[in-house]
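J.: Here is my input, please return the structure:
(one chain, ligands or ions: 1)
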Amino acid sequence: MLRSCTAALRTLQALRGRREGVSPAARDPVLARRWFSTEKVIPKDHALPNPSWSKDLRLLFDQFMKKCEDGSWERLPSYKSKYTQKSEDFKTYFLDSKLVKEQLSQAQLFTRGYEDGLGFEYVIFYNDDEKRTVCLFQGGPYLQGVPGFLHGGAIATMIDAAVGMCAAIPGGIVMTANLNINFKRPIPLCSVVVINSQLDKIEGRKLFLSCNVRSVDEKILYSEATGLFIKLDPEKSLI
Ligand SMILES: CCCCCCCC/C=C\CCCCCCCC(=O)SCCNC(=O)CCNC(=O)[C@H](O)C(C)(C)COP(=O)(O)OP(=O)(O)OC[C@H]1O[C@@H](n2cnc3c(N)ncnc32)[C@H](O)[C@@H]1OP(=O)(O)O
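T.: Coordinates of the predicted model:
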């Protein structure tokens, strides 16, 4: 655990050192391309391995990618701020266009706001026949609560995101109305856990889901949760 935390912190220090005294475009090739060329920037998909991923996370990732080959499972891509169809629909139906233009240009997904390895490293796989998701999650050193363990809010965030995706694929534009979590064992910082979520029932606009968080060898049950997600009504304002 300590070795992967140290590696993530060292990468951050190296990046910071490299940044001193250079212009933003000189240190960021993506930014440079945006400023100096008309070439379209391809947003980075964060649900793919990077050097901060531990051996456990890579092994599990490879296993699930194998399961994707026959089409029964699907890896869900994940972006910091790319506009997916769902988020565009959300903005169209539920947000004021002035607010979208003026205030959301800096916005990015909470779980993707950290540099590689320091915060939430995860990938979610979806099985449509079984209406369930599996999220492989490695919580980095900036998610600490009690020393050496993940903050409960970070665990809740990851559960919300994983269960939320399991609700959003069949449900469309949904929001969390209720999330009930039992924290049964503390999760060691920088370890890998598996978050299993499933859709239990749909009643009108209500989607009921359940979830458990386990160790890679499935021997430790870290948390259990249930969630209620509501499909938003485009006739109703959120504000
Ligand atoms: C998840 C994916 C989303 C995809 C879409 C965008 C794409 C973005 C891309 C990438 C996302 C990455 C993933 C992020 C994941 C994180 C998700 C979150 O954390 S969401 C933030 C926290 N949640 C809030 O802030 C909601 C605050 N609450 C509300 O705004 C309203 O309460 C809302 C919309 C949830 C429901 O309001 P109403 O007016 O539409 O519906 P009413 O009539 O109140 O309820 C409908 C039914 O549900 C029951 N209900 C509502 N809340 C309940 C509750 N808390 N407990 C029990 N029942 C409840 C009611 O009793 C009613 O039931 P009866 O139809 O009469 O049987």
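J.: How about whatever residue of the chain ends up closest to the ligand: what's its closest non-neighbour residue?
T.: Here the residue of the chain nearest the ligand is Gly164; by C-beta to the nearest ligand atom that distance is 3.0 Å. C-betas here are computed from N, CA, C, even on glycine. Closest residue in space to Gly164, ignoring its immediate chain neighbours: Thr176 at 6.3 Å, by C-beta to C-beta, 6 or more residues apart in numbering.
J.: can you tell me how far the residue of the chain closest to the ligand sits from Pro188?
T.: 25 Å (C-beta to C-beta, to the nearest Å).
J.: How about Asp89?
T.: Here the criterion is C-beta to C-beta. By it, Asp89 lies 39 Å from Pro188.
J.: now swap in Ala168 and tell me
T.: Distance from Ala168 to Pro188, by C-beta to C-beta: 29 Å.
J.: swap in Glu88?
T.: From Glu88 to Pro188 the distance is 39 Å (C-beta to C-beta).
J.: who's more crowded, those two?
T.: Neighbour tally, Glu88 and Pro188, criterion other C-beta atoms under 10 Å: the higher count belongs to Pro188, 17 against 11.
J.: of all the residues in the chain, which ones are close to the ligand?
T.: 84, 86-87, 90, 160-161, 164, 167-168, 173-178, 204-206, 228, 230, 232-233, 236, 238 (C-beta under 6 Å from any ligand atom).
J.: Using PyMOL, make a named selection holding only the buried ones among those.
T.: Burial among the residues of the chain next to the ligand is assessed by 16 or more other C-beta atoms under 10 Å; the matching PyMOL selection reads:
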select buried, resi 87+90+160+161+164+167+168+173+174+176+206+228+230+232
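J.: Just the ones of the residues of the chain next to the ligand in strands?
T.: Per DSSP state E, strands hold the following members of those: Val174, Met175, Thr176, Ala177, Asn178, Lys206, Leu228, Ile230.
J.: now the residues you listed as CSV including pLDDT?
T.: Formatted as CSV, those follow (pLDDT from 0 to 100):
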residue, pLDDT
Val174, 97
Met175, 97
Thr176, 98
Ala177, 98
Asn178, 98
Lys206, 98
Leu228, 98
Ile230, 98
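J.: so can I have JSON lines of the residues you listed showing distance to Asp116?
T.: Listed next are these as JSON lines, based on distance: C-beta to C-beta, whole Å:
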{"residue": "Val174", "distance to Asp116": "29"}
{"residue": "Met175", "distance to Asp116": "29"}
{"residue": "Thr176", "distance to Asp116": "27"}
{"residue": "Ala177", "distance to Asp116": "33"}
{"residue": "Asn178", "distance to Asp116": "33"}
{"residue": "Lys206", "distance to Asp116": "37"}
{"residue": "Leu228", "distance to Asp116": "33"}
{"residue": "Ile230", "distance to Asp116": "34"}
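J.: which one of those sits closest to Arg112?
T.: Nearest to Arg112 among these: Thr176, at 18.1 Å, using C-beta to C-beta.
J.: isn't the closest one right next to Cys166, touching?
T.: No. The pair Thr176 / Cys166 is not scored as a contact, 11.7 Å apart, by C-beta atoms under 8 Å.
J.: where exactly do the helices run in the protein?
T.: In the chain, the helices defined using DSSP state H lie at 2-19, 24-27, 29-36, 55-68, 85-94, 97-103, 152-171.
J.: what does the average pLDDT come to for the last one?
T.: Helix 152-171 comes out with an average pLDDT of 98.
J.: How about residues contacting it?
T.: 76, 86, 110-111, 120, 122, 124, 126, 128, 131-133, 135, 137, 139, 143, 145, 174, 176, 179, 181, 183, 187, 195, 197-199, 202, 207, 209, 211, 213, 222-223, 225, 227, 229, 231 (C-beta atoms under 8 Å, 6 or more residues apart in numbering).
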